[in-house]
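S.K.: Structure for the following, please:
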Amino acid sequence: MNDVPASASDADGLGRVLAGTDIRIPEMGVGTWAWGDKRTWGMGGYDTDLTLDTITAAWQTSIDAGITLFDTAEAYGEGESERIIGRLLTEDPGRAGRAVIASKFMPMPWKLNVKRSLVDAAKASRERLGVEAIDLYQIHGPISLRGIPAQAEALAEANAQGLVRALGISNFSAKETRRFDSELRKRDLRLASNQVEFSLLRTIPIASGLLDVCAQLDVVVLAYSPMGQGRLTGKYSAEHPPPGSRNFSTYPMAEIDPLVEQLRQIGAAHDRTPAQVALRWLIQRGSVPIPGAKNAQQAADNAGATGWELTRTEMLTLNDAAFPGIWTMKNRIWQHG
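M.R.: Down below sits the predicted model:
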């Protein structure tokens, strides 16, 4: 894994345009799984400091720093994440005009009429968000029993009805991405994105060829869990492991500590944190990371990954120190990408 591709950002530094649209996204976004998902993340879960006020501050700080892409889903807090974003859009129209909102349809296997299910879900998400059309709408995972042609047709119908603009997928493999793109092109549409788990603790998207396929097709790779659910931030170690149950990038901290030390050393040369280096590596690998931000400080810290460059030597060092990733049986079913 010694290749070091150039950053996928546009030469003008203004980010990426989603294929088939005029929607421009920055080189990094914000993942909002934690916003409203009390059971998993906070607001009653293990992060008791997460409140609507801290979320509002994260929203404001992110947009003011140019981080304007917000990724949510109907499954996050049973729609609560979307409701919170809808409230922010309504209460802050100035920043709302700059925001790009992405959401997702959960294609559970029992949703056999995928077109009707997806269109109904898009309508419900649109209502919770309070928007005329969802900027980017994604199939949340490759678990539908109806197959890719039916899912592509469902997305095309939501687009035809004006419910959604750009069309995306999540957790799909390189082969499935090619197939989905082909099916959309048959309908004179384009596949805009594939959102997958991608970090220095999960480089499967590189080894599998997914990043190369997406680059060939002009499909943006959105990288979720970009800091290994906190394991790459420098906050944790073998002596102080992260709290709670975290399903992604589940290497023990004793194995990860040497990588974190590399991030610290590289960060020191740029006056950056380990987390900012980990995010910068993803950007220069051609993806758009979407770290979470629960407050203004986290949002500002995330924004510190933009506006500078890792050297080729530093990229190679991190490539060599990275981990391939762990696939549990559950994730093999869910994550093909």
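S.K.: Now do the contacts for residue 98.
M.R.: For residue 98, the contacting residues are 63, 68, by Cβ atoms under 8 Å, 6 or more residues apart in numbering. Bear in mind the C-beta positions are built from the backbone N, C-alpha and C, glycine included.
S.K.: How about residue 155: what's its closest non-neighbour residue?
M.R.: Counting by Cβ to Cβ, 6 or more residues apart in numbering, residue 167 is the residue found nearest to residue 155 once chain neighbours are left out, at 4.7 Å.
S.K.: same for the helix or strand harbouring the one you found, what does it pack against?
M.R.: When elements are defined using DSSP states H and E, residue 167 is found to belong to strand 164-170. Strand 164-170 is packed against strand 134-139, helix 147-160, helix 174-186, strand 191-197, with contacts defined by 3 or more Cβ pairs under 8 Å, 6 or more residues apart in numbering; DSSP states H and E.
S.K.: quick one, which of the ones you listed is packed in tightest?
M.R.: Stretch with highest mean neighbour count among the helices and strands packed on strand 164-170: strand 191-197 (a mean of 28; mean count of other Cβ atoms under 10 Å).
S.K.: hmm, who's touching the strand holding residue 167?
M.R.: Outside of strand 164-170, the residues that reach it under the criterion Cβ under 8 Å, 6+ apart are 18-21, 23, 102, 104, 122, 133-142, 155-156, 158-159, 176-177, 180, 184, 189-196, 222, 337.
S.K.: change it to 7 Å
M.R.: Defining contact as Cβ atoms under 7 Å, 6 or more residues apart in numbering, one finds that strand 164-170 is touched by 18, 20-21, 23, 104, 122, 133-141, 155, 158-159, 177, 180, 184, 189, 191-196.
S.K.: Please apply the same query to stretch 207-219.
M.R.: Stretch 207-219 has contacts (Cβ under 7 Å, 6+ apart) with 19, 173-174, 177-178, 181, 191-194, 196, 205, 221, 285-286, 324, 337.
S.K.: try stretch 274-290
M.R.: With contacts defined as Cβ under 7 Å, 6+ apart, stretch 274-290 is touched by 5, 7-8, 16, 25, 27-31, 71, 198-200, 211, 215, 220-224, 226-227, 232-234, 260, 263-264, 266-267, 291, 301-302, 304-305, 310, 315, 318.
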